[in-house]
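In: kindly return the folded structure for what I paste below:
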Amino acid sequence: MGVTAVSNEMLLAKGIPEAFLVALGIHILAETKVDWRKYLVMSFLFILMPYLLRQFPISTGINTVLSLFGLIFVFQLLYRSGLQKLVRTIITPIIILILILVAEILNLLILSMMYGFEAANVMFKTPSGWAQCLYTWPSTVILALLLFASHQILKTKRKRKAKDGKDTEGIGS
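Out: Numbering: from 1, shown residues only. The predicted structure follows:
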């Protein structure tokens with residue numbers, strides 16, 4: 001177990017955009033209307049949490065889990081949602097973590113198809129911060145696309161419920 005510090009380049013080019021995407025993803029999947037001030041606070045805290053946690057000598061999986069718990073806690077503090085929203089808020093970071101993993105795997109597969117697996121693996125582990133950002137940035141774009149698709153699916157689902165005459169009270173509140 002060593003410190004898994006993030007380079008300044010990775011924080012700027014990948015960490016900040018991903019933090020904003022994760023915060024937006026929480027709103028999308030928890031079907032919560034975005035309050036932009038709270039969204040910005042949550043995003044900035046999610047930029048700081050993983051960055052600071054990676055300064056401690058704990059393994060990557062543990063700091064990821066701690067970051068997600070921190071995100072749940074921050075969301076609850078900011079939005080003070082009821083029990084139904086709390087359950088969604090607990091499940092949502094797990095879904096987002098899965099989406100991040102899918103995005104990372106797809107990025108690795110794309111690079112592997114283009115350059116071969118060994119070369120793609122070297123690209124991900126390059127010591128050059130900006131080069132590593134360049135090679136891993138497609139996963140951020142893929143994450144954004146997955147979140148957009150999730151938003152569209154949930155929107156279609158809400159419309160279908162409203163059209164079928166089912167009770168939609170509480171959705172999006």
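In: Gly15 versus the residue nearest the centre of the chain, what's the distance?
Out: Closest residue to the average C-alpha location of the chain: Val22 at 3.1 Å, with CA atoms, centre = their mean. Distance, Val22 to Gly15, by CB to CB, to the nearest Å: 10 Å. To be clear about C-beta, it is placed using only N, CA and C from the backbone, and glycine gets the same treatment.
In: scan the protein for its longest helix.
Out: When the chain is parsed with DSSP state H, its longest helix is helix 129-163.
In: tell me which other helices or strands that one touches.
Out: helix 8-10, helix 16-29, helix 83-115, helix 117-124 (3 or more CB pairs under 8 Å, 6 or more residues apart in numbering; DSSP states H and E).
In: elements contacting the longest one?
Out: For helix 83-115, the helices and strands in contact under the criterion 3+ CB pairs under 8 Å, 6+ apart are helix 16-29, helix 60-79, helix 117-124, helix 129-163.
In: wait, what's in contact with the closest residue to Gly70 other than its chain neighbours?
Out: Of all residues not flanking Gly70 in the chain, Met49 sits nearest, at 4.6 Å (CB to CB, 6 or more residues apart in numbering). The neighbourhood of Met49, defined by CB atoms under 8 Å, 6 or more residues apart in numbering, consists of 66-67, 70-71.
In: just the buried ones from the residues you listed?
Out: Neighbour counting with 16 or more other CB atoms under 10 Å marks 67, 70-71 as buried within the contacts of Met49.
In: buried set for the lowest-mean-pLDDT helix or strand in the chain?
Out: Least confident helix or strand, the chain: helix 8-10 with a mean of 79, by mean pLDDT, DSSP states H and E. Buried residues in helix 8-10, defined by neighbour count with 16+ other CB under 10 Å: 9-10.
In: returning to what we had before: looking at the buried ones among the contacts of Met49, which one is closest to Leu109?
Out: Distance to Leu109, by CB to CB, is smallest for Ser67 among the buried ones among the contacts of Met49, at 25.2 Å.
In: returning to that earlier point: where among the helices and strands packed on helix 129-163 is average confidence lowest?
Out: Looking at the helices and strands packed on helix 129-163, the lowest mean pLDDT belongs to helix 8-10 (a mean of 79).
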